[in-house]
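1. Okay, predicted coordinates and the sequence, questions at the end:
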Amino acid sequence: MILDLLRHGETELGGGFRGSLDDALTAKGWQQMREALAAAGPWQVVVSSPLQRCARFAETLGLPVQSDADLQELHFGEWEGRSALQIMQDQADELGRFWADPYGYTPPGGEPVAAFAERVQGAVARLAAQHAGKRVLLVTHGGVMRLLLAKARGLPPAQLMQVQVGHGALARLRVQADGTLIEEA
């Protein structure tokens with residue numbers, strides 16, 4: 001399966017830790033996503049996170065959209081809706097621990113990255129079984145893309161947060177029959 005990953009664009013409530021918050025896209029966010037796909041495709045299948053910053057765009061692509069809650073962003077607990085700068089004001093040490101070891105430190109009330117990785121990788125395995133040999137577009141979040149790209153690149157868990165994924169970013173993975181992920185240019 002060829003899996004094209006598209007991160008949602010800029011949202012109305014801005015950056016920071018959005019997680020499970022259901023922000024809408026800005027006009028710029030819509031434009032970022034349209035531009036990312038201008039020379040891409042076609043796809044046989046479109047899959048989306050159910051959050052509106054992904055799903056509303058996916059619904060405009062002319063194919064039925066398969067929604068999968070397992071492809072939602074990491075839930076950041078008490079940090080949701082806050083920027084890194086805001087968190088630095090009162091939880092600088094905790095934020096530093098999360099950036100340095102995301103698998104070893106979970107934001108207060110948040111989802112452990114290991115559980116997040118398990119649900120995202122399980123969803124990709126189901127997609128690969130269901131859509132073997134097809135070209136699939138996944139409209140999703142920065143954390144999902146970061147996780148899958150880190151796995152494809154063979155990065156150690158501590159380097160997860162070093163994978164850069166901007167708004168409207170597009171990346172391609174080949175999902176092998178054994179589940180191996182290979183990043184393609």
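-> The structure has been received and is ready for your questions.
2. and the helix or strand harbouring Arg174, average pLDDT?
-> According to DSSP states H and E, Arg174 maps onto strand 170-175. The pLDDT scores in strand 170-175 average 98.
3. Next, the buried residues of that strand.
-> Neighbour-count burial for strand 170-175 flags 170-171, 173, 175 (criterion: 16 or more other C-beta atoms under 10 Å). Where you see a C-beta, it was placed from the backbone N, CA and C, and this is true even at glycine.
4. and it, what other elements does it pack with?
-> strand 2-7, helix 113-130, helix 142-153, strand 181-184 (3 or more C-beta pairs under 8 Å, 6 or more residues apart in numbering; DSSP states H and E).
5. Now with 10 Å, please.
-> Here strand 170-175 touches strand 2-7, helix 27-37, helix 113-130, strand 135-140, helix 142-153, strand 181-184, going by 3 or more C-beta pairs under 10 Å, 6 or more residues apart in numbering; DSSP states H and E.
6. so which of the buried residues of strand 170-175 comes closest to Pro102?
-> Ala171 (19.3 Å; C-beta to C-beta).
7. For that closest one, which non-adjacent residue is spatially closest?
-> Leaving aside its chain neighbours, Ala171 sits nearest to Leu5 (4.7 Å; criterion: C-beta to C-beta, 6 or more residues apart in numbering).
8. returning to what we had before: for the strand holding Arg174, what is the distance to the chain centroid?
-> The chain centroid and the centroid of strand 170-175 are separated by 12 Å, computed with C-alpha atoms, centre = their mean, to the nearest Å.
9. okay but Gln86 is in contact with Glu78, surely?
-> No. Here Gln86 does not reach Glu78: they are 11.3 Å apart, not a contact under C-beta atoms under 10 Å.
10. Overlap in contacts, those two.
-> Shared contacts of Gln86 and Glu78 (C-beta atoms under 10 Å, 6 or more residues apart in numbering): Phe17.
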